[in-house]
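> heads up, no residue letters with this:
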């Protein structure tokens, strides 16, 4: 079923749901095939594989997944039809998106409460500390539905925001109402404990991508790396390292620091090619900086769809993620799956859990020129075999703990925790009811 102004995905066979009710009647409605509803902002190509696998694993335990997307997309997101690969049930609401400043925007899904009431979920999982989360929490409280919070927020990221006194108060209230929380990684888990969630209510599910897609596609393309580089008009010389950046081009992504560092290295006789994949408002400033520094081998390739990305990972020898701050940084997962060593800012959330210093890459303070120059200098000066060995270690570590399968299994663990506590509560209610009838 669908509410006014929303689209329903047939993937996963979403059946019409009865109107939701509260109390014992709700217990009987959801007990046969519990429905786990995820509320998130928009469909993205890196989330679809995760939801596919979560749906598959939940189905194996007798539960269903349905994802409610608050909007179909918004202006700076240019992905082609990400839902084409969805194998789970979903609804897309006709909410509004209001752009604030910079990258900030707010989703206004005023019909979210009605959609949740119609779906009658056994558990609602909400993404981040957002307006949709506030609306979902309001629904869960009034209908006595358990809620789980899925968050990547870190103390570093929260400290950069305005009105944090008010926001922290609100986030503590959301945390109090969450049965469990699913944290992107260790930094996100630490933030959640800092606002009052007990550690035993937090499941760490490493934020990840479809690692198999990137590892297999890149491995196949890398066999013809010389031809790929020739096709793209870039040098293919063993002594010239190819660095790759993938992301939205805004100032906080820190690419200007890498460009200046490469200019300093070039002055010392160390050559490198920098591939920039992505677009954004800061691109003209970066192109001007490249011209000002007379760097001949910085290539701007613009925005690329997911199927095009393996080509650029295959051409590269190493990866850079120099963000001045970043909740996680899923492109690091992609690079590791592609067997690339990395230079990463130490404020990137993923670096805490995925990067092993000197083994899979280097973490640096991005504003420390000396640190950045040393890391990039080491990576570009390495023998080809050394870089490859470092990249292979990165891929092996990722496959051991941060695949889509690992992430989905952690989600199922969180759902188990939330619903097992719900069952215990229902059992107490039922026993009290029986005793009351006996009296």
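Happy to help now that I have it. None of these values were measured; they are calculated from a predicted model.
> Can you list the buried residues in stretch 402-422?
Buried residues in stretch 402-422, counted by 16 or more other C-beta atoms under 10 Å: 402-404, 406-415, 417-419, 422. (Glycine included, C-beta is placed from N, CA and C.)
> How about stretch 123-134?
Buried residues in stretch 123-134, counted by 16+ other C-beta under 10 Å: 123, 124, 125, 126, 127, 128, 129, 130, 131, 132, 133.
> if I look at the fifth one, how far off is residue 323?
With the distance defined as C-beta to C-beta, to the nearest Å, residue 127 ends up 20 Å from residue 323.
> do the third one as well
Using C-beta to C-beta, we find residue 125 at a distance of 27 Å from residue 323.
> what's the answer for the last one, then?
Note on residue 133: its distance to residue 323, by C-beta to C-beta, is 24 Å.
> now do the first one
To residue 323, residue 123 is 33 Å away according to C-beta to C-beta.
> So what's the gap between the host helix or strand of residue 68 and the chain middle?
Secondary structure from DSSP states H and E places residue 68 in strand 64-69. Using C-alpha atoms, centre = their mean, to the nearest Å, the distance from the centre of strand 64-69 to the centre of the chain it belongs to is 17 Å.
> Who are the contact partners of the residue lying closest to residue 61 once chain neighbours are set aside?
In this structure, residue 61 finds its nearest non-sequential neighbour in residue 412, 6.6 Å apart by C-beta to C-beta, 6 or more residues apart in numbering. Going by C-beta atoms under 8 Å, 6 or more residues apart in numbering, residue 412 touches 54, 57, 58, 61.
> who's in contact with the closest residue in space to residue 349 that isn't next to it in sequence?
Among residues not flanking residue 349 along the chain, residue 328 sits closest, at 4.3 Å (C-beta to C-beta, 6+ apart). The contact partners of residue 328, by C-beta under 8 Å, 6+ apart, come to 152, 184, 185, 188, 207, 348, 349, 350.
> And those residues, which two are furthest apart?
Using C-beta to C-beta, the pair of the contacts of residue 328 lying farthest apart is 188 and 348, separated by 12.5 Å.
> ok, which stretches of the stretch 201-350 of the chain are helices?
Counting by DSSP state H, counting those that start in this stretch, one finds helices in the stretch 201-350 of the chain at the ranges 211-222, 225-231, 255-267, 283-292, 309-315, 330-337, 349-354.
> okay, those helices in CSV with distance to residue 110 and mean neighbour count next?
Output for those, formatted as CSV (distance: least, C-beta to C-beta, whole Å; neighbours: other C-beta atoms under 10 Å):
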stretch, distance to residue 110, mean neighbour count
helix 211-222, 36, 18
helix 225-231, 48, 13
helix 255-267, 38, 19
helix 283-292, 35, 14
helix 309-315, 35, 22
helix 330-337, 30, 28
helix 349-354, 31, 24
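> Quick one: closest of those helices to residue 378.
Set against residue 378 and scored by C-beta to C-beta, the helices of the stretch 201-350 of the chain come closest in helix 255-267, at 10.7 Å.
> just the angle between that closest one and helix 283-292, please?
Using axes from the mean of the first three to the mean of the last three C-alpha atoms, to 10 degrees, the direction of helix 255-267 lies 10 degrees away from that of helix 283-292.
> ok, and what's touching helix 255-267?
Counting by C-beta under 8 Å, 6+ apart, residues outside helix 255-267 touching it are 243, 245, 249, 272, 274, 276, 282, 285-286, 289-290, 293, 295, 298, 320, 322, 366-367, 369, 372-373, 376-377, 380.
> again, 6 Å this time
Residues from elsewhere that reach helix 255-267, judged by C-beta atoms under 6 Å, 6 or more residues apart in numbering: 245, 272, 286, 289, 293, 295, 320, 322, 366, 372-373, 376-377.
> Stretch 144-158 too?
Outside stretch 144-158, the residues within contact range by C-beta under 6 Å, 6+ apart are 22, 121, 123-128, 140, 177-182, 184, 187-188, 191, 325, 327-328, 347, 349, 414, 418, 422.
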